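Trainee: Make a model of this:
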Amino acid sequence: MPTQRARTMFANRRLFVNASLRIPLSRIILTAVLSSSGPVAAQSTASVNVTANVVPSCTLLSLPSFNFGNVISKAKIDRTGNIQLRCTKNTPYQVFISEGNLQLGDSGSRHLTRGDWARLGYQIYSQPTYAVADIWQRMQIQGYRHVAGVGTGQIQQLPVYARLHPDPAGLPPQGTYTDTLTVSIEY
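Mentor: Purely as a prediction, here's the structure:
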């Protein structure tokens, strides 16, 4: 006949191998199952190649806008701005600026117009000297220039200098004069 202690263990619905150690039988079975060294599944490995190719690229991020304001005299008016661009590191680039809407041959001159032939002369320069040699052009023209550089992979700023050159003979008729330039980057 079972002892009082054995009856109590059975009444708690736990089976113990040794009542004095109090290790549940379920724990012993689980440990035995998990630590058995049964058959191992086959294993195969292979390599996965991962590659990337960084190609030369350049992007114009922002362009300046020039407003010469109210023109009331024949004095020159200067404005400055920046072209922001980003090119992949070590990518050589060239930035060109068009002559605008009123192109008078290959003279390199730029003009603000009001829709007719009335115009105000202006120019875009790459340097604050406003010298003829620093006029920023749409292509490489003898005596004019474009701006060249090498990409850093970061945002780069190129300063742009604009100067309004009113005609010394007098101002044109009143009105709003405009022009549109195209900036291009070659790399």
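Trainee: Confirm that A133 sits in a helix.
Mentor: Yes - residue state for A133 (DSSP: H, G, I helix; E, B strand; the rest coil) corresponds to a helix.
Trainee: Okay, now the unreliable bits of the chain?
Mentor: By pLDDT under 70, the weakly predicted segments of the chain are 1-40, 104-108, 138-145.
Trainee: And the strands in it, which stretches?
Mentor: For the chain, the strands defined by DSSP state E occupy 58-62, 77-87, 92-97, 110-113, 119-125, 147-150, 155-165, 183-186.
Trainee: Show me what counts as buried in the fifth one.
Mentor: It stands for strand 119-125. Residues of strand 119-125 classed as buried: 119-120, 122-125 (neighbour count, 16 or more other CB atoms under 10 Å). In this view, the C-beta of every residue, glycine as well, is placed from N, C-alpha and C.
Trainee: now swap in the first one and tell me
Mentor: For strand 58-62, the buried set under the neighbour-count rule, 16+ other CB under 10 Å, comprises C58.
Trainee: Now do that strand against strand 155-165, angle only.
Mentor: Between strand 58-62 and strand 155-165, the angle comes out at 60 degrees (axes from the mean of the first three to the mean of the last three CA atoms, to 10 degrees).
Trainee: still on that earlier bit, so which of the strands of the chain comes closest to N70?
Mentor: N70 lies closest, by CB to CB, to one member of the strands of the chain: strand 77-87, at 9.7 Å.
Trainee: tell me the domain boundaries of this structure?
Mentor: Listed domain ranges for the chain are 4-34, 58-186 (source: automatic domain parsing).
Trainee: Now do the same contact list for the spatially most central residue of the chain.
Mentor: Against the mean C-alpha coordinate of the chain, by CA atoms, centre = their mean, the closest residue is R86 at 6.1 Å. Counting by CB atoms under 8 Å, 6 or more residues apart in numbering, R86 touches 58-59, 61, 151, 153-156.
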